[in-house]
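K.L.:
Coordinates for the following, if possible.
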Amino acid sequence: QEQLVESGGGLVQAGGSLRLSCAASGRTFRYGMGWFRQAPGKEREFVASITWIGGRTYYGDSVKGRFTISRDSAKNTLDLQMNSLKPEDTAVYYCAASARCSGAVCSSVNDYNYWGQGTQVTVSS
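P.N.:
Modelled structure (predicted):
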């Protein structure tokens, strides 16, 4: 059974760093995977994605240069290293996976069909 479980969220001051992790089970780890976030009252927003084939990465404009997505095939985990955090990064962060994104870069919510339960990230000013 495909399952995604996020961890690593918390409270951090502006300028600080956090590392999120997503544990993947079933076949999802061989899929394209991504991170999205959703702040209260806002739509779910693309953060970053990585393909299974070739390990290509893609970032949303608001996080480019500050966040890094990576995957560890030995541990079946997907990570998101977040540096230089800003208060506007505050949101619930979701891990997602999709078989059709295995070789293609995907940045739309509609591209993904497996989702984790989310982890809260709060950045104080």
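K.L.:
Only C-alpha atoms from now on, for both contacts and neighbour counts.
P.N.:
Will do.
K.L.:
bridging residues for the residue nearest the centre of the chain?
P.N.:
Taking CA atoms, centre = their mean, the centroid of the chain lies closest to residue 35, which sits 2.0 Å from it. Per DSSP bridges, the residues bridged to residue 35 are residue 48, residue 95.
K.L.:
residues in contact with it?
P.N.:
46, 47, 48, 49, 80, 93, 94, 95, 96 (CA atoms under 8 Å, 6 or more residues apart in numbering).
K.L.:
now swap in residue 70 and tell me
P.N.:
So residue 70 contacts 50, 78, 79, 80 (CA under 8 Å, 6+ apart).
K.L.:
Serialize the residues you listed to CSV and add fields for pLDDT, secondary structure and distance to residue 23.
P.N.:
Shown next, in CSV, are the contacts of residue 70 (pLDDT from 0 to 100; DSSP: H, G, I helix; E, B strand; the rest coil; distance: CA to CA, whole Å):
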residue, pLDDT, secondary structure, distance to residue 23
50, 96, strand, 15
78, 95, strand, 7
79, 97, strand, 9
80, 98, strand, 12
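K.L.:
tell me which of the residues you listed is nearest to residue 102?
P.N.:
residue 50 (8.4 Å; CA to CA).
K.L.:
Just give the closest residue to the closest one, not the sequence neighbours.
P.N.:
The shortest distance from residue 50 to any non-neighbouring residue, by CA to CA, 6 or more residues apart in numbering, is to residue 57 (4.4 Å).
K.L.:
Ok, residue 33 next?
P.N.:
Closest to residue 33 by CA to CA, 6+ apart is residue 97, at 4.3 Å.
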